[in-house]
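Participant: Build the 3D model from these lines:
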Amino acid sequence: MRKGMLNAIFLFVFLLFLSSQTVLSWKKDEFRNCNQTPFCKRARSRKPGACSLIAHDVTISDGDLTAKLLPKEPEGDQIKPLILSLSIYQHGILRLKIDEDPSLDPQKKRFQVPDVIIPEFETTKLWLQRVTTDGASSIVYLSDGYEAVLRHDPFEIYIRDGDRKRLVSLNSHGLFDFEQLRDKKEGDDFEERFRSHTDTRPYGPQSISFDVSFYGADFVYGIPEHATSLALKPTRGPNVEESEPYRLFNLDVFEYIHDSPFGLYGSIPFMISHGKSGKSSGFFWLNAAEMEIDVLGDGWDAEAGISLPTEQGRIDTFWMSEAGVVDTFFFVGPGPKDVVSQYTSVTGRPSMPQLFATAYHQCRWNYRDEEDVENVDSKFDEYDIPYDVLWLDIEHTDGKRYFTWDKVFFPHPEEMQRKLAAKGRHMVTIVDPHIKRDDSFQLHKEATQKGYYVKDATGKDFEGWCWPGSSSYLDMVNPEIREWWAEKFLYENYVGSTPSLYIWNDMNEPSVFNGPEVTMPRDALHYGAIEHRELHNAYGYYFHMGTANGLLKRGDGKDRPFVLSRAMFAGSQRYGAVWTGDNSADWDQLRVSVPMILTLGLAGMSFSGADVGGFFGNPEPELLVRWYQLGAYYPFFRAHAHQDTKRREPWLFGGRNTELIRSAIHVRYMLLPYFYTLFREANISGVPVARPLWMEFPCEEATFKNDEAFMVGNSLLVQGIYTERAKHVSVYLPGKQSWYDLRSGTAYRGGMAHKLEVSEESIPAFQRAGSIIPRKDRFRRSSTHMVNDPYTLVVALNSSQAAEGELYVDDGKSFEFEQGAYIHRRFVFSDGKLASLNMAPTALGKLQFSSECIVERIILLGYTPGPKSALIEPANQKAEIEVGPLQLQRGREAAVVTIRKPGVRIADDWSIKIL
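Facilitator: A predicted model of the protein is given here:
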């Protein structure tokens, strides 16, 4: 009786909590700050030069440079040496590892994050044969023009170039600290308390901190996820307002605020620097524990008395983590794209999405029932608005039991999906990591019997509260459990699922409503006696991995998965898309979505977007329209809304706004061939789809802090409109060449800012002179129905009357492209001739991909009208040249020079010479 009463009281409090989430915004005091986080407070109190570790016994072992780190004057327990190893990899990558000496039998093995570094990277290791020593330092070859240096006393690691100029260094300011595990002694109080929660911390303090310096740098970027500027602002130093460090700790944050260093749903401890030399370098710490990072302002170390090279600009940073080991990677670049490519060679390239996933997604918490789904779907057709995916949130399930359907509201799920699939459309359902504790729920029964749940500090199944009420959480770090989880996506297990159904992982930080900081206690226990504190930031990563592998298994390895995840970690790019979480319907959140998506792209997460319209709140029509106009250029393009908001499907805001939203979505569908080509580029090189301007214009200082505009690939520049009733906007167009307005074809000079009139019809977007963009101009219900449509090539000529671009095409769904079944063309225009050249390597595999698609129009921007025809070779046929519209679907447009109906196949080699 008493237990029943307690449960009833707890349920009442829980329901109060849930209802509060619909009206309350982010509560600062629910989350720890640095002063409330003992490891952060201790680390921040350290002074430069505090580290006295010296490198001893430097030698080569198993192809690595190894050394022992010992303090100059041992104090207290700090007498056990730390083991340092330096490894060199191809393409200028240095790996530094520092850990406790395993031969001294530490009471616990410190956690090293598994399954993030891809096996292919390990094969690129260069085995060191010798080390050069100059007495004070040991020097090893890194790559052409670069050396890695280990200074012995005090220990320091740095990379220098052929001119002996530094690129990146660690412990140059002597802030390195490594709290070794120790036995609890009488009088030790290892416990930590926050609000009503107590962390037992059975192994005591085990944090690590160190300084990292970037030379020749004017700005640093990266370390998502934060709702803040692209260029990271200093958090400590003279003239810096008192600030929190950038926090990396995956949390379920309701209605997060913009312009804050507070950590959100994902954590990727990768930073990239850039300077006016046009060069970049990078640093990555493979560590899944809570991390805090300070960007140190000029003069922060004025009183330290440490002398470092002054002829180069330098940015100092300070990295602090609660647990783990030092497992760090240094990237030499030299260009920004090189750094991102080097980083993703370690953690994996972004997966290649299916074509449908790159189109428009319609989502809401929640579409009520099958009738609602059918009505929304038919309205898109009625209003001539294309879309590809309809999403179902948690209410579609039977009582928040995942892999089930509400029998009243969704009695015929397979038929519902088949109706969508008949129009070339897909469905996504949500599957979260919290499993309802209900003995009649087979998934819970099985997980309990097999011991598959995360344990609490006492060894019992951890129990927390989330959407279903009392829940437990699968221990996804265990490969056996991930394999078991993957089986749940087979059609016979996920009853009601069909081949057109894909998956959404939400709440996987993990979110625990009654847990400390709305997450799992740090002393919860995982597979191998790993504490949750050690792997927290990777929990969602393993869940994302398990789900993606489930869809792979479901399709016998032939169907590319689509899984959207809210939580992320380094390597998440291999498993699908992410989004920026629970944003709000206001102009500031529209504005901050751009730096958030750009930062994710820099950290390998190319397939990302923000909820169009804002998840919380009711956007005014103008804000919603502007969000669609910007969101059409996000790599991941999805509208989503909270259940307490008013319905906001595109046709609900009056005829004119419907027209404007339809036009914005049409822009995305028109550009799908270009986007898909960029996703393939990301899949090959790691270079993101959406890019900061400085990635394409690395020497232009005016671009370094610009995060209102961004590049889509190397050819499109997009500028958002972030204020209500804007009449004008200033757009900086970089480079020495012109830019052509995407709507009108008007040319604007590069290398300067332009004050432009703002139109309600679109946001400013420009095609770079010297580029060629492939388009599809016929609008269908979905991308699936556009597959056989003809192409338009938009050739934007530069001052030399030249341009080039690419087109990548495959079957849009399978893995056959990995065996060479694709078309990859390079288009080159010069000397009045456009040529199509094959970029696909011959004899890559046995499979072939063919397409009968043709080019129906070639638009020449910047070409003076005059010639009336062109010669097509090798067909030896003529095509007419005339003046036509830039975009077929629009009226009132300036006319442009157009080669009509050349009829050449995209799969063939051909040339078209203007006569």
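Participant: what sits up against stretch 55-65?
Facilitator: With contacts defined as Cβ atoms under 8 Å, 6 or more residues apart in numbering, stretch 55-65 is touched by 66-70, 81, 84-87, 125-131, 133, 138, 140, 150-153, 155. All C-beta atoms are positioned from the backbone trio N, CA, C, and that covers glycine.
Participant: and the most centrally placed residue in the chain, what pLDDT?
Facilitator: Nearest residue to the geometric centre of the chain (Cα atoms, centre = their mean): M605, 2.4 Å. If you check M605, the pLDDT there is 98.
Participant: Quick check: it touching M568?
Facilitator: Yes - look at M605 against M568 with Cβ atoms under 8 Å: they come within range, at 6.2 Å.
Participant: joint contacts of those two?
Facilitator: 224, 266, 268, 578.
Participant: Would you mind measuring from the last one to W391?
Facilitator: Applying Cβ to Cβ, to the nearest Å, one obtains 15 Å for the distance of V578 from W391.
Participant: Of these two, which one has the most company?
Facilitator: Ranked by neighbour count (other Cβ atoms under 10 Å), V578 and W391 place V578 first, with 29 against 23.
Participant: what's the strand or helix carrying that one in contact with?
Facilitator: V578 is part of strand 577-579 when elements are defined by DSSP states H and E. Residues outside strand 577-579 that contact it (Cβ under 8 Å, 6+ apart): 266, 353, 357, 562-566, 568, 572, 600, 605, 607-611, 635-636, 638, 640.
Participant: Please repeat the previous calculation with a cut-off of 6 Å.
Facilitator: With contacts defined as Cβ atoms under 6 Å, 6 or more residues apart in numbering, strand 577-579 is touched by 564-565, 568, 605, 607-609, 636.
Participant: Which of those fall in strands?
Facilitator: Of these, the ones assigned to strands by DSSP state E are 564-565, 608-609.
Participant: ok, which pair from those residues is furthest apart?
Facilitator: The largest separation in the ones in strands among the contacts of strand 577-579, counting by Cβ to Cβ, is between S565 and G609 at 12.6 Å.
Participant: Which one's more surrounded, those two?
Facilitator: Taking other Cβ under 10 Å, S565 and G609 do not tie; S565 has more neighbours (27 against 24).
Participant: The more buried one: what's it in contact with?
Facilitator: Residues in contact with S565, defined by Cβ under 6 Å, 6+ apart, are 505, 544, 578.
Participant: What's the local residue count around K705?
Facilitator: Counted with other Cβ under 10 Å, K705 comes out at 16.
Participant: scratch that, Q801
Facilitator: Residues near Q801, counting by other Cβ under 10 Å: 15.
Participant: Would you quantify the distance from it to E873?
Facilitator: Here Q801 is placed at a distance of 20 Å from E873 (Cβ to Cβ).
Participant: where does this protein have low pLDDT?
Facilitator: The chain contains residues with pLDDT under 70 at 1-26, 75-79, 305, 307, 309-310, 843-845, 889-893.
Participant: Which segments of it make up each domain?
Facilitator: 43-347, 790-914 (the TED database).
Participant: Nearest to V718 among these would be which one?
Facilitator: domain 43-347 (14.4 Å).
Participant: Is it correct that the residue nearest to the centre of the chain is in contact with Q573?
Facilitator: Yes - contact criterion Cβ atoms under 6 Å: M605 and Q573 qualify, at 5.2 Å.
Participant: Find out how far stretch 293-300 is from the centre of the chain, if you would.
Facilitator: In terms of Cα atoms, centre = their mean, to the nearest Å, the centre of stretch 293-300 is found 26 Å from the chain centre.
Participant: So which bits of that stretch are buried?
Facilitator: Within stretch 293-300, the residues that qualify as buried are 293-297, 300, counting by 16 or more other Cβ atoms under 10 Å.
Participant: Go through the residues you listed and name the one nearest F766.
Facilitator: F766 lies nearest to V295 out of the buried residues of stretch 293-300, by Cβ to Cβ, at 31.9 Å.
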